[in-house]
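[1] predicted coordinates and the sequence they were generated for:
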Amino acid sequence: MTESRPDTGAGRALPPARPFDIEGVKARLQGANGGYEIVHASPGLELGLYVLVAPEPDRQQPHEDDEIYIVLEGSGVLEVEGEPQELREGHAVFVPAGADHRFTAYEQLSLLVIFERR
C-alpha cells in the first residue's frame, strides 16, 4: 500500500509524524511574560501555543480564520462578541472567523490554538 503525504507547497512532502515540544514552548513563553508561537503549520492548518501572563492584556484582533482554543493551564474568561465564557484547564472553545474576542480575568493562561487556514 502506498501512503500519500500532503505537499507543503515547496515540493516537499510533510513527514508522517513530528512531535511538538508543547511544554518547552510553554515554559519559554511564560519566561518571556507571554506570547504566541507556531508549533506546526501545514496547508489548511496552524497549531500554536498562546500564553497570557497578567497584567499584560490580551491585545488580539478578530482573525480571518476559524479557531479553537484548548486550555492547557490556568483559567480565565474569553469574551466573544461581548459574551463571557468562563474557561479552565481541560476546556475548549470554538471562535468563528471574524468574531471579536479576547481573554480577561486571568493570572496566567496557556492555550493550544488550532487555526483552520484557508
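    Received the coordinates, thanks.

[2] where does this protein have low pLDDT?
    Across the chain, residues meeting the criterion (pLDDT under 70) sit at 1-15.

[3] tell me where it has helices.
    Counting by DSSP state H, the chain has helices at residues 22-31.

[4] and the strands in it?
    35-42, 45-53, 67-73, 75-80, 83-88, 92-95, 101-104, 108-116 (DSSP state E).

[5] among those strands, which is nearest Pro16?
    Pro16 lies closest, by CB to CB, to one member of the strands of the chain: strand 35-42, at 12.2 Å. All C-beta atoms are positioned from the backbone trio N, CA, C, and that covers glycine.

[6] relative to strand 108-116, how tilted is that closest one?
    Interaxial angle, strand 35-42 versus strand 108-116 (axes from the mean of the first three to the mean of the last three CA atoms, to 10 degrees): 30 degrees.

[7] by contact count, what packs against strand 35-42?
    helix 22-31, strand 45-53 (3 or more CB pairs under 8 Å, 6 or more residues apart in numbering; DSSP states H and E).

[8] again, 10 Å this time
    Judged by 3 or more CB pairs under 10 Å, 6 or more residues apart in numbering; DSSP states H and E, the packing partners of strand 35-42 are helix 22-31, strand 45-53, strand 108-116.

[9] may I see the buried residues of that strand?
    35, 39 (16 or more other CB atoms under 10 Å).

[10] stretch 109-118 too?
    109-115.

[11] for the residues you listed, which one is nearest Asp66?
    Phe115 (7.4 Å).

[12] tabulate the strands of the chain (TSV), appending distance to Ala27.
    Supplementary listing: those in TSV, determined by distance: least, CB to CB, whole Å:
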stretch	distance to Ala27
strand 35-42	11
strand 45-53	9
strand 67-73	11
strand 75-80	19
strand 83-88	20
strand 92-95	22
strand 101-104	20
strand 108-116	10
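
[13] and the closest residue to Arg102 other than its chain neighbours, how many neighbours?
    The shortest distance from Arg102 to any non-neighbouring residue, by CB to CB, 6 or more residues apart in numbering, is to Asp58 (4.4 Å). Asp58 has 16 neighbours, counted by other CB atoms under 10 Å.
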